[in-house]
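Enquirer: when you get a sec, could you give me coordinates for this:
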Amino acid sequence: QVFPSQDPLDRADFNAVEYINALFPTEQSLANIDEVVNKIRLKIRRLDDNIRTVVRGQTNVGQDGRQALEEAQKAIQQLFGKIKDIKDKAEKSEQMVKEITRDIKQLDHAKRHLTTSITTLNHLHMLVGGVDSLEAMTRRRQYGEVANLLQGVVNVLEHFNKYMGIPQIRQLSERVKAAQNELGQQILADFEEAFPSQGIKRTGGPSNVLRDACLVANVLDPRIKQEIIKKFIKQHLSEYLVLFQENQDVAWLDKIDRRYAWIKRQLVDYEEKYGRMFPSEWCMTERIAVEFCHVTRAELSKIMRTRAKEIEVKLLLFAIQRTTNFEGLLAKRFSGCTLADGTVKKTEVPPPSTNPFLEDETGAETDEIVIEKSDMDKPKKPKVPDNPFHGIVSKCFEPHLYVYIESQDKNLGELIDRFVADFKAQGPPKPSVDEGGAVLPSCADLFVYYKKCMVQCSQLSTGEPMIALTTIFQKYLREYAWKILSGNLPKTTSSSGGLTITSLLKEKEGSEVAKFTLEELCLICSILSTAEYCLATTQQLEEKLKEKVDASLMERINLTGEMDTFSIVISNSIQLLVQDLDAACDPALTAMSKMQWQNVEHVGDQSPYVTSVILHIKQNVPIIRDNLASTRKYFTQFCIKFANSFIPKFINHLFKCKPISMVGAEQLLLDTHSLKMVLLDLPSIGSQVVRKAPASYTKIVVKGMTRAEMILKVVMAPHEPPVVFVDNYIKLLADCSTDTFQKILDMKGLKRSEQSSMLELFRLRLPTPPPGGDNTGSLSLSTPTPEQESSRIRKLEKLIKKRL
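Expert: Down below sits the predicted model:
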């Protein structure tokens, strides 16, 4: 580390063998070994010379070091002596400076004390003179001069707080306090004389003396100012308490306008007569208005408790509307600064996010409020309230809003009954293929009324009444879903199972089955579109209600149950459409299973039963698709549910076709392929605009119909040798169920003895199931049952509902 070197001889891990091998890597290199040895010997001699020189040079180093150490010690001693001399000189200089500045410090102290004494004497002179003048002016009621003088005396007296131990100073302080108390009592007496508490008639009026007295009250104890304000406002509103006593006709809600008209006249009268008497910072006009609001709120609460049975909805809404208008007028006229003052109790202001006055003012006041999808799709952020007077009077109406809620309950009940009656009178909506399925008009009317009620109630209260109104909304959303939507769905003559059994019992291929008419199909699609609109609008209604209600009550608003109800209506509507088309196809499938397939001699065009199925599909599907054009996702669900219902039924009827000849199996295979092509084209069948079918639907059709084709291919395969037939069956169908294999053997028309040997061989050739598994696992995986598919559809419906 001290002497870095690249020489391999200097390395700590030196290896002589490696070093020699490096010098002589080959036998040929040994020819110059003498030269290498000479170089090493020369290097050794040089190292010996260097060592010898160094050893000789170290003989005198010890003596030279001791001599240098002694010289360094002497130098340190000399340096220490010099530092000590400098320190002594510094101490002498400091002592000299202290002696010089001692006299200067004394003069500075004397000057400062003298200045303080002069200032204190001046303040004392001012205080003594001020106290004398203050007492004299108080006796002469010279409030104008007293206002300025009193503030100066109080400020000067603050300088003597540290001298209160001196009797004379303490005496002056007591005289000032006595003068302040005398001024307070005297001013209160003057106001009492000018504005007596007893009697309505005011014997006094504004004067310069009282105006100056208010200026003095600003300097005195704040309680004096509060007492003046309290007595003046009480005397100013005494007439109001007499005119609008509980037993007077004008005190009831129908004449509530007179209360607000009276205070408006009083405020104008106050501004004209007394506006200049009180200082502007007292905000007396606002204080009078605020106290009037508190008195009015208390009086209205008392009279409404007494006459609660006489409160009607129109009367209550009239009173609330006039009151909120008055509160809005106060907000425009006053700033609300006195609401935080201790003189007047501040009313509770609603949370910022639920102030109803911050909504569209024009929209809130009009009676016709229309809900559009785009209107609710745009979320509005809550605004900051700008009306500090909101609720200062109208809060008293909140305990009686149950009258309004009960009225809305009654009105909504009548509205639902009218919807039911109108539907029965007008009948189902006309088919509207071009419009893509009409939403029932009653749906829009219901949500228009809901919006109107919500805005109106939010103006009345954002607390518990909004929760009660939400409960009413939930009740009639459910009633609308069951009475108007589910109640008007066309009824089938029997269940879907009954329809299937009935169709299976039909003997003739052309037998007619009960089918929905064009009007009934359009009605189902219209109800489905209406339920989809209700589902989306109910979710938006829930969001709007949460915006209107207090933040602490938001969690209590939940319309999930109602949205689930509309989802059930949608699911039932789709199921009806599927059942109708499925039942229409049943006679054709029955005819297929009753044909003598062993007697078919040649393969021709598609069979008549295929033509019948295609005819029914072309009749129903275009109508359904055009009427569900606005809700494509539900048309896709219809297609998926129909495929999940029709394909397993087709395969079951296919198993009933027995026995089947080779030619018959070929004809069935041709028919199956034709049905497969039609089902793949089902979503766009009969449409001028060809759209690619959804991948989920295509997958179901391909999987189900391919299974049908594989069944027919197995039937067509020769059963000799049996091992090859069984292996071919397992390969094509991947079905380990003996029941399915038994059906295949029945379709081939084998004898019972042949079937027994085939079944034994089939069981032997089955692949070994995995541990814990069973033989039916492959069947359940390869061919999902209709119940499993319907479960998947329900999950899909829930997912779509959550994302709406």
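
Enquirer: just want the most central residue of this protein.
Expert: For the chain, the residue nearest the mean C-alpha position is residue 543 (8.3 Å; CA atoms, centre = their mean).

Enquirer: per-residue pLDDT, it?
Expert: Predicted confidence (pLDDT) for residue 543: 91.

Enquirer: check the spacing between it and residue 561 real quick.
Expert: In this view, residue 543 and residue 561 are 16 Å apart by CB to CB, to the nearest Å. For glycine as for every other residue, the C-beta is placed from the backbone atoms N, C-alpha and C.

Enquirer: repeat for residue 329
Expert: 43 Å.

Enquirer: tell me which of these two has more neighbours.
Expert: The neighbour count for residue 329 versus residue 561, taken as other CB atoms under 10 Å, is higher for residue 329 (14 against 10).

Enquirer: which parts of the helix or strand hosting residue 759 are buried?
Expert: Using DSSP states H and E, residue 759 sits within helix 752-765. By neighbour count on 16 or more other CB atoms under 10 Å, the buried set for helix 752-765 is 755, 758, 761, 762.

Enquirer: same question, stretch 733-745
Expert: So, applying 16+ other CB under 10 Å, buried residues of stretch 733-745: 733, 735, 736, 737, 740, 741, 743, 744, 745.

Enquirer: for the first one, which non-adjacent residue is closest in space?
Expert: Here the nearest residue to residue 733 in space, its sequence neighbours aside, is residue 710; by CB to CB, 6 or more residues apart in numbering that works out to 5.4 Å.

Enquirer: contacting residues for residue 327?
Expert: 387, 389, 390, 391, 392, 393, 394 (CB atoms under 8 Å, 6 or more residues apart in numbering).

Enquirer: one more pass at 7 Å, please.
Expert: Residue 327 sits next to 387, 389, 390, 392, 393, 394 when contact means CB atoms under 7 Å, 6 or more residues apart in numbering.

Enquirer: could you dump these to CSV with pLDDT and secondary structure?
Expert: What follows is those, written out as CSV (pLDDT from 0 to 100; DSSP: H, G, I helix; E, B strand; the rest coil):
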residue, pLDDT, secondary structure
387, 70, coil
389, 78, coil
390, 77, coil
392, 82, coil
393, 83, coil
394, 80, helix
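
Enquirer: and those, which two are furthest apart?
Expert: Spanning the widest gap among the contacts of residue 327 are 387 and 393, at 12.3 Å by CB to CB.

Enquirer: please enumerate the helices of the stretch 201-350 of the chain.
Expert: With helices called from DSSP state H, counting those that start in this stretch, the stretch 201-350 of the chain shows them at 208-219, 222-236, 238-243, 256-274, 284-306, 313-333.

Enquirer: can you give me the buried ones in the third one?
Expert: So the one you mean is helix 238-243. Within helix 238-243, the residues scored as buried using 16+ other CB under 10 Å are residue 240.

Enquirer: average model confidence for the helix or strand harbouring residue 38?
Expert: Assessed by DSSP H and E, residue 38 sits inside helix 33-57. For helix 33-57, mean pLDDT is 87.

Enquirer: and the very next helix or strand once past it, what does it pack onto?
Expert: Toward the C-terminus, helix 33-57 is succeeded by helix 61-140 as the next helix or strand (DSSP H and E). Counting contacts by 3 or more CB pairs under 7 Å, 6 or more residues apart in numbering; DSSP states H and E, helix 61-140 packs against helix 143-157, helix 167-194.

Enquirer: by mean pLDDT, show me the worst of those.
Expert: The minimum mean pLDDT among those belongs to helix 143-157 (a mean of 66).

Enquirer: just the element for the residue nearest to residue 733, please.
Expert: Assigned by DSSP H and E, residue 710 belongs to helix 695-716.

Enquirer: elements contacting that helix?
Expert: Counting contacts by 3+ CB pairs under 7 Å, 6+ apart, helix 695-716 packs against helix 632-656, helix 662-680, helix 722-733, helix 738-748.

Enquirer: which residues are in contact with the longest one?
Expert: Read it as helix 632-656. Contact with helix 632-656 is made by 528, 532, 570, 574, 577-578, 581-582, 585, 589, 592-593, 624-625, 628, 675, 679, 682-683, 694, 696-697, 700-701, 704-705, 707-708, 711, 743, 747, 786, 789-790, 793, 800, as judged by CB under 7 Å, 6+ apart.

Enquirer: pull out the buried members of these.
Expert: Buried by 16+ other CB under 10 Å: 528, 532, 570, 574, 577-578, 581-582, 585, 589, 592-593, 624-625, 628, 675, 679, 682-683, 694, 697, 700-701, 704-705, 707-708, 711, 743, 747, 789-790, 793, 800, out of the contacts of helix 632-656.

Enquirer: measure residue 569 to residue 524 for me?
Expert: Going from residue 569 to residue 524 by CB to CB gives 11 Å.

Enquirer: which of the two has more neighbours?
Expert: Neighbour totals were compared for residue 569 and residue 524, and residue 524 leads with 26 against 23 (other CB under 10 Å).

Enquirer: can you name the next helix or strand after the helix or strand containing that one?
Expert: Using DSSP H and E, residue 524 maps to helix 518-548. Remark: after helix 518-548, the chain's next helix or strand is helix 560-594, criterion DSSP H and E.

Enquirer: rounded mean pLDDT for that following helix, please.
Expert: Mean pLDDT, computed over helix 560-594, is 91.

Enquirer: so what secondary structure elements neighbour it?
Expert: Helix 560-594 sits against helix 464-479, helix 496-504, helix 518-548, helix 608-627, helix 632-656, helix 786-803, with contacts defined as 3+ CB pairs under 7 Å, 6+ apart.

Enquirer: chain center to that helix, what's the gap?
Expert: 37 Å (CA atoms, centre = their mean, to the nearest Å).

Enquirer: and it with helix 662-680, angle?
Expert: Counting by axes from the mean of the first three to the mean of the last three CA atoms, to 10 degrees, helix 560-594 lies at 160 degrees to helix 662-680.

Enquirer: roughly how far does residue 439 sit from residue 538?
Expert: Separation of residue 439 from residue 538 (CB to CB): 14 Å.

Enquirer: ugh, wrong one, I meant residue 25
Expert: For residue 25, the distance to residue 538 equals 93 Å [CB to CB].

Enquirer: which one of these two has more residues nearby?
Expert: More crowded of residue 25 and residue 538, by other CB under 10 Å: residue 538, with 22 against 9.

Enquirer: re earlier: please enumerate residues in contact with the helix holding residue 710?
Expert: With CB under 7 Å, 6+ apart as the test, helix 695-716 has contacts from 636, 639-640, 643-644, 647, 650-651, 654, 660, 662, 665-666, 668-669, 672-673, 675-676, 679-680, 683, 728-729, 732-733, 744, 747-748, 783.

Enquirer: also stretch 402-410?
Expert: Under CB under 7 Å, 6+ apart, the answer for stretch 402-410 is 311, 313, 316, 317, 453, 460, 465, 468, 469, 472.

Enquirer: buried set for that stretch?
Expert: Of the residues in stretch 402-410, those buried (16+ other CB under 10 Å) are 403, 404, 405, 407, 408, 409.

Enquirer: would you confirm that residue 489 contacts residue 524?
Expert: Yes - in this structure residue 489 lies within contact range of residue 524 using CB atoms under 7 Å: 6.4 Å.

Enquirer: find residues that contact each of the two.
Expert: When contacts are counted by CB under 7 Å, 6+ apart, the set common to residue 489 and residue 524 consists of 573, 576.
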